[in-house]
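> build me a model:
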Amino acid sequence: MHEVRFCIENVFFLEDGRTVFIGRVEGEAGVLYFGVHRLGKLYFQDGLKLVLGVYLEFFHSPDDPSLIGVATWESVPFRREEILHENAFLMLDPKKVSSPKPGTPTVLLTRPAERLEPLKSKLERLGWTVLHQPTIEIRPPESWDEIDAAIRRLENDEFDWLVFSSRFGVEYFCGRIGTKMNAALQSVRLAAVGPGTAETLYRFTGRNADLVPRIYVAESLAAAMTEEARQGARFLLIRADRGRDVLRRKLEDQGGSVTEIAAYRSVDIAQPEAGVGHALSRREIDWIVVSSSAIAVSLVRFFGGKLKYAKLLSIGPIVTQTLSSQGFSPTAETVESSVESIVDFLSKNI
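This is a model prediction of the structure:
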């Protein structure tokens, strides 16, 4: 048995009054991550067991994504199958945990992981501490059959308008078209709900959107296409597997022929990241950027009244309505969801 050092990487103050130190040790058994609520000596024994003079709170092996919380043991086995115990009480991954840096403004980003950059890097360069709490995960559709059928109909000139309500819709649908892009889009007009979606559309197709509404919501997009709908135009709407169906209903009400398909799935994340709720409780987060209604609902589900401890930046009037309906009036609202717009707002409101 020999002594090793415990290197502190993060410190958290739990609501029940305990202080938890997240850190790492290195020894014959490899690199392990631990959280303990008071410091003491750590020892390796026989390369497999760890003896420590502290109350063990968390245990994690980098070779296994699981992190098992255990009751108080004087000797804790290293092997995961030996760690599993009826007294296991907490799951936490310290590699996913971050904490605000004292003296710097802190913002919580809630967009999916696929959309974290370049917003995160730009804010960090401006001196912000950036925390991330994804609330939804973007996944491909369970079947491509409906999408492939729509692509064939595009190639046969069966639609007048191809309408995208999000960047993810562009990425999944146009990514599926692939080398058939010119044939599929040669005669159809393109519409995008906002400049970010239009930018993604140009990146995939090399074409500018024929229509982007002045206000970046479905209602405004539908209003801009009212005349085409009245003339019986044929619309192909690309969207997520869930969300509001305002665009379809309004176009159909005006006489348009609408085909609507889900090009991707939006799946709720079950649990919030460790440490974010604590940072909210301690009022360490200055701003939370809320970019969709689904994200707004999930944030309320995750944190409830703690959201009132930070300022809420709503992206668009629909998100504002959703937040207000949940009992949380946003501090501010921006119409545009682009990285530049969010960075500009936060840089002026530190």
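> tell me the contacts of the residue minimising distance to the centre of the chain?
Taking C-alpha atoms, centre = their mean, the centroid of the chain lies closest to residue 112, which sits 2.3 Å from it. Taking C-beta atoms under 8 Å, 6 or more residues apart in numbering as the criterion, residue 112 is in contact with 134, 136-138. Any C-beta I mention is one placed from the backbone N, CA and C, and that applies to glycine too.
> buried subset of the residues you listed?
Buried members of those, counted by 16 or more other C-beta atoms under 10 Å: 134, 136, 138.
> between those residues, which is closest to residue 117?
Nearest to residue 117 among the buried ones among the contacts of residue 112: residue 134, at 13.1 Å, using C-beta to C-beta.
> and the contacts of the helix or strand hosting residue 190?
Using DSSP states H and E, residue 190 maps to strand 189-192. Contacts to strand 189-192, defined as C-beta under 8 Å, 6+ apart, come from residues 160-164, 170, 198, 201, 205, 207-212, 221, 224-225.
> which stretches of the stretch 51-200 of the chain form helices?
Using DSSP state H, counting those that start in this stretch, the helices of the stretch 51-200 of the chain run over 80-83, 119-125, 145-155, 167-177, 181-185, 195-205.
> tell me which residues of the third one come out buried.
Spelled out, it's helix 145-155. By 16+ other C-beta under 10 Å, the buried positions in helix 145-155 come out as 147, 150-151, 154-155.
> okay if I get these as a markdown table plus distance to residue 178 and pLDDT?
Shown next, in a markdown table, are those (distance: C-beta to C-beta, whole Å; pLDDT from 0 to 100):
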| residue | distance to residue 178 | pLDDT |
| --- | --- | --- |
| 147 | 12 | 96 |
| 150 | 14 | 96 |
| 151 | 9 | 95 |
| 154 | 13 | 94 |
| 155 | 13 | 93 |
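> helix 145-155 and the top strand by length along the chain, what's the angle between them?
Assignment by DSSP state E gives strand 257-268 as the longest strand of the chain. Angle between the axes of strand 257-268 and helix 145-155 is 140 degrees (criterion: axes from the mean of the first three to the mean of the last three C-alpha atoms, to 10 degrees).
> thank you, goodbye.
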